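Peer 1: Sequence first, predicted model second:
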Amino acid sequence: MEINITFAPEAGEPVRFAAGELTAYLGRMLAEETGTLSVSLEVRPDREPGLPDWFSVNLEERGGTVAGNSGRAVLLGVYDCLRRLGCRFPAPVKGCETVPSLTRQALALRYEHRASFYHRGVCIEGADSRENLLDFIDWLPKAGYNSFFLQFRTPYAFFKRWYLHERNPLRKAEPFSPADVPVWTEEAEGALKRRGLLLHKVGHGWTGAALGFDAQSWDADPEPLSEEKRPLAAQVDGVRGLYKGVSANTNLCFRNGDAAEVFAALVADYAQAHPGVDYLHVWLADTYNNVCECEGCRATTLSDQYVELLNEIDRRLTAQGLDTKIVFLLYQELLWPPVKARLTNPERFVLMFAPISRTFEQSYPAVGELPPIPAYERNRIELPTSLEENLAFLRGWQRQFAGDSFVYDYPLGRAHYGDFGYVKLARVVSGDVKRLKQLGLNGYISCQELRSGLPNFFPNYVLGRTLMDERADVNELMAEYFSAAYGEDWPAVADYLFQLSGLSSTDYVNGKGPRTDQDMAARMEAVRELCLDFTPTLDAHRTPQGWQTPFWAALDYHRAYVLKLSRALRHLALGEAEKAAESRRAFLELICEKEPDFQPWLDVYRVLEVTENYTGFRGGAEA
Ligand SMILES: [Zn+2]
């Protein structure tokens, strides 16, 4: 069949990319058909700016139209109609998609859709190869997402963890030069721009840069703080210096010197030099209870100083004629709303609410009575864990700022390691998204491991699809996803993963609640039995040629992973510290050895980091 895709001569890269994708997929789906199919791709901008992505699809056997309110929306419309025609994109992993064969008579689609939220994205975390990053970017619009956030000025920290194989003693470091990072960053940004995806950048590292450091990771800085810059560092316990040697975690003193001017100039220069950045994140140190205690800083709050800094940045960007959006962050000390300072140009800013210490055992609650915000005590704050406490802080800020906003949340950064089945977490994610409008939030960026696919990428899929359409039913998504991943035996997998989810706990693995816990120990024993009982089902999907789908192979590996991890957790919950540490080492050996076989599915670096730093295994130092 001849496929003829047309678009306006002035169409940008995303429309051209969409044309290539549509040609390739339709070509595979209609390989048996003859004649010509003509489809036109059209950009039809909205009359008012700032509306979420919109697309319309009108297809029949001779062809038709895919239109969108931007080039990106045309691409999203292309992937959405391919999905409605039976294609499945269940993972950011090569070889996992399914593409059906169709007759041209099956091309019968006429619908339009406006995305439920403006901001729908993922932020890089964990340890990632260049391929992981590019594969993830390729997958984003297929799952309905429109944004990606590269943290720091470059994703050096995440590449370094992977290429040096940090925390995997069984693998030798690969050749990796910091000089590769700008090249790969440009490549990733090019992949985002080709798809018209919104680019978020930086966030961490500004305070370190203001102190004269490169500040591209959370690693300790090799050089000491210069005497010239020392007056700009926060004074904590009478000392001005780097917080535990890490400039990215060091707060500034906004009273003792010109820290605000230095910081604002850095942001303005960066925005000038990087016009491709759509959302520039301006955050302070990534630790709490280490803010400046000098007399001048004590006379105000960190949030007031933050808002004054943001106003200074806005003045500079306005003077330079830049319309870059600035994202400001509500977490740690900055959860407390400012007392006096207010943003003078709200249009410039986007509020980002990061309930980093929340539980993932439930979704955000219905908005009702919220507890009062506790009094702010300098360097003695406790992070809120209940969802209501977290939301009380959000409400406090929303009384002062009515502009654009989104939540920055962490179901797939840390929490997911506690849900062995991933289906409970997927339900929490679905419930959270369905609450966003009530909470007055205009989207969601997931701060997460890109390799969060064990047993599968269902929670990530649910997030993308539900942000695109908040009416999406999680059970229907499950049928769609699981049938693509596991074939007709998917209900048996769903049942098994539901039971695993019911027995496991995101809170326990993330250090919330008592470590000795008889009930948890019993649950971990039940997990073991469940895994053993599942063996015949697994075996039925293995042939001499291999597993029925890559998802069955991952599920088999996942079973071994859960057996080892649940054993370590059972000993921990019984208070058997020695046995717990020993069992965790056996877990570590398994996943370090198997990492090459399941590289895109499990972030070995991150699960070891979480179980060492949060779960409470003694002597977490690696084998
Ligand atoms: Zn100070």
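Peer 2: Done, it's in.

Peer 1: hey, where'd the strands end up in the stretch 501-623 of the chain?
Peer 2: With strands called from DSSP state E, counting those that start in this stretch, the stretch 501-623 of the chain shows them at 542-543, 546-547.

Peer 1: and residue 298, how many neighbours does it have?
Peer 2: For residue 298, the neighbour count with other Cβ atoms under 10 Å is 13. Using the backbone N, CA and C atoms, a C-beta is placed for each residue, glycine as well.

Peer 1: scratch that, residue 459 is what I was asking about
Peer 2: Neighbour count for residue 459, taken as other Cβ under 10 Å: 26.

Peer 1: hang on, the earlier thing: so which of the strands of the stretch 501-623 of the chain is the most surrounded?
Peer 2: Among those, strand 546-547 has the highest mean neighbour count (mean count of other Cβ atoms under 10 Å), at a mean of 12.

Peer 1: For that one, enumerate the helices and strands it packs against.
Peer 2: If contacts are counted by 3 or more Cβ pairs under 8 Å, 6 or more residues apart in numbering; DSSP states H and E, strand 546-547 sits against helix 550-573.

Peer 1: Now do the helix it packs on: distance to the chain's middle.
Peer 2: Distance of helix 550-573 from the chain centroid (Cα atoms, centre = their mean, to the nearest Å) equals 23 Å.

Peer 1: Confirm that residue 447 sits in a helix.
Peer 2: No - the assignment for residue 447 by DSSP: H, G, I helix; E, B strand; the rest coil gives strand, which leaves it out of any helix.

Peer 1: how many neighbours does it have?
Peer 2: Residue 447 has 21 nearby residues by other Cβ under 10 Å.

Peer 1: Compile the strands of the stretch 501-623 of the chain into a markdown table and extend it with columns for mean pLDDT.
Peer 2: Formatted as a markdown table, the strands of the stretch 501-623 of the chain follow (pLDDT from 0 to 100):
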| stretch | mean pLDDT |
| --- | --- |
| strand 542-543 | 94 |
| strand 546-547 | 96 |
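
Peer 1: out of the ones you listed, which comes closest to residue 490?
Peer 2: Closest approach to residue 490 among the strands of the stretch 501-623 of the chain (Cβ to Cβ): strand 546-547, 14.4 Å.

Peer 1: before we move on, back to that, would you turn the strands of the stretch 501-623 of the chain into a markdown table with distance to residue 88?
Peer 2: Listed next are these as a markdown table, based on distance: least, Cβ to Cβ, whole Å:
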| stretch | distance to residue 88 |
| --- | --- |
| strand 542-543 | 21 |
| strand 546-547 | 17 |
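
Peer 1: which residues make contact with stretch 427-441 from outside it?
Peer 2: 116-117, 353, 360-367, 391, 394, 398, 405-407, 409, 411, 442-444, 459, 462-463, 466-467, 470, 472, 474, 477 (Cβ atoms under 8 Å, 6 or more residues apart in numbering).

Peer 1: Endpoints of it, how far apart?
Peer 2: 19 Å (Cα to Cα, to the nearest Å).

Peer 1: what do you get for stretch 207-225?
Peer 2: Per Cα to Cα, the first residue of stretch 207-225 is 12 Å away from its last.

Peer 1: how about that stretch, does it reach the ion?
Peer 2: No - Stretch 207-225 lies apart from the ion when judged by Cβ under 5 Å from the ion; the minimum separation is 12.9 Å.

Peer 1: Residues contacting that stretch, please?
Peer 2: By Cβ under 8 Å, 6+ apart, the list of residues contacting stretch 207-225 reads 152-154, 156-157, 160, 204-206, 226, 228-229, 232-233, 241-242, 244-252, 259, 262-263, 266, 284-286.

Peer 1: Quick check: mean pLDDT of that stretch?
Peer 2: Stretch 207-225 comes out with an average pLDDT of 95.

Peer 1: One more: stretch 154-174?
Peer 2: Per-residue pLDDT values across stretch 154-174 average out to 96.

Peer 1: Stretch 554-570 too?
Peer 2: On average, stretch 554-570 scores 98.

Peer 1: which bits of the protein sit near the ion?
Peer 2: Counting by Cβ under 5 Å from the ion, the chain comes close to the ion at 253, 255, 292, 294, 297.

Peer 1: same thing but 6 Å
Peer 2: Neighbours of the ion within the chain, by Cβ under 6 Å from the ion: 235, 253, 255-256, 292, 294, 296-297.

Peer 1: just those residues now: which is nearest residue 541?
Peer 2: Among the residues of the chain next to the ion, and counting by Cβ to Cβ, the member closest to residue 541 is residue 292, at 59.0 Å.

Peer 1: Residue 207 in helix, strand or coil?
Peer 2: Strictly by three-state DSSP, residue 207 counts as helix.
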